[in-house]
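Engineer: quick one, structure for this:
(one chain, ligands or ions: 2)
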Amino acid sequence: MKAALAKTKDAIAYKFNKVFTGGVLNDDFYDELEMALLSSDIGATVTERLLDDLKAVVDKKHIRNTNEVKAELKALMKQTLDEHPLPRPPMPLIMLVVGVNGVGKTTAIGKLAHRIKKAGRNVTIAAADTFRAAASDQLTVWAERAGVRIIKHAEGADPGAVVFDAISSFKAQKTDVLLIDTAGRLHNKKNLMSELEKITRIIDREAPENASVVYFIVLDATTGQNAISQVEVFNEAIDIDGIILTKLDGTAKGGVVLGIVGELEVPVVYVGIGEGIEDIEIFNSGDFVDAIVP
Ligand SMILES: Nc1nc2c(ncn2[C@@H]2O[C@H](COP(=O)(O)OP(=O)(O)O)[C@@H](O)[C@H]2O)c(=O)[nH]1
Ligand SMILES: [Mg+2]
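Structural biologist: Ligands and ions are numbered 1, 2, ... in the order given. Reported below is the predicted structural model:
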């Protein structure tokens, strides 16, 4: 993850370095800090909150030197990121993966299947993106690479029927983890949301009582602040439990992690850091803060 943050670090770290080498704590210092935060894709809401909290801590602790301010800022950033603990649902587990087209849902499912399988678990993936034949073909390739079972139907089939079959198999085969891929583009937003609501109704009805069910959204880090509005749209239809933030390796906009977690109160659980099967990691808040404010 540290290596994947290189572009973000190059774009952001020097700004904070400049602010904190100034020495004097005055209004100019806070103005420059505000500029640095705002230009780092953190977003206005979380920038404001960080600054208010920072000023309060500086007052309370009678801090006078900028190095100490830096340590306090980093602590507040980390606190923001750690505020919503990662869900650690026990297995058997059903994970529904949603998100708009092209963000990296199918790829993330392939990587997660590999990761969970490698940990010795029994994994099945379900191709509930029946919108295009290419979608289930792509997921089939990932299933082969990861060596896991896939449940799929023909192009244009009812995604709800795929989910129904996948859960039947999940129960029959004593599967530890079922990962469900979904379509990100239907004819319109209303269609997409009613489709997802239908899928979640089937999960609610069919999932065995001892199973955990989580809804994860995949966001593309290169879209910056736009990712936040995507979560808001999906949250209208389903309650998102966690975020998989992809393409962190390809962007200088990694600062958006703070904006996303601070504004949406949903944790970033995994980060995608490349196109390879191993390129997914659990998000590490300490490494992230060290990268942007070294
Ligand atoms: N660099 C990079 N590319 C990624 C990552 N995750 C996905 N991609 C690429 O993004 C594109 C879209 O991914 P896909 O899984 O098909 O998106 P979906 O439409 O949401 O299922 C593909 O070309 C992937 O290789 C990542 O973490 N890093
Ligand atoms: Mg896909």
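
Engineer: can you give me the helices for the stretch 1-150 of the chain?
Structural biologist: 6-20, 27-38, 44-60, 66-82, 105-118, 133-146 (DSSP state H, counting those that start in this stretch).

Engineer: select, out of these, the one closest to residue 291.
Structural biologist: For residue 291, the closest of those is helix 6-20, at 4.7 Å, according to CB to CB. Yep, even glycine has a C-beta here, placed from its N, CA and C like the rest.

Engineer: is ligand 1 contacted by that closest one?
Structural biologist: No - using CB under 6 Å from any ligand atom, helix 6-20 stays clear of ligand 1, coming no nearer than 10.9 Å.

Engineer: from the helices of the stretch 1-150 of the chain, which stretch is densest packed?
Structural biologist: Of all the helices of the stretch 1-150 of the chain, helix 105-118 has the most neighbours on average by mean count of other CB atoms under 10 Å, namely a mean of 23.

Engineer: what's the spacing between that one and its chain's center?
Structural biologist: 14 Å (CA atoms, centre = their mean, to the nearest Å).

Engineer: report the angle between the axes of that helix and helix 133-146?
Structural biologist: Going by axes from the mean of the first three to the mean of the last three CA atoms, to 10 degrees, helix 105-118 is angled at 20 degrees with respect to helix 133-146.

Engineer: helix 105-118 - what's its average pLDDT?
Structural biologist: Helix 105-118 shows a mean pLDDT of 98.

Engineer: check the gap between residue 73 and residue 79 for me.
Structural biologist: 11 Å (CB to CB, to the nearest Å).

Engineer: just give the nearest non-adjacent residue to the closest residue to ligand 1 within the stretch 151-294 of the chain, would you?
Structural biologist: With CB to the nearest ligand atom as the measure, residue 272 is the residue of the stretch 151-294 of the chain nearest to ligand 1, at 2.6 Å. Ranked by CB to CB, 6 or more residues apart in numbering and with sequence neighbours excluded, the top spatial neighbour of residue 272 is residue 246, at 3.4 Å.

Engineer: hey, what's the one you found bridged with?
Structural biologist: residue 220 (DSSP bridges).

Engineer: now do it against residue 102, distance only.
Structural biologist: The gap separating residue 246 from residue 102 is 10 Å, by CB to CB.

Engineer: thanks again, I'm all set now.
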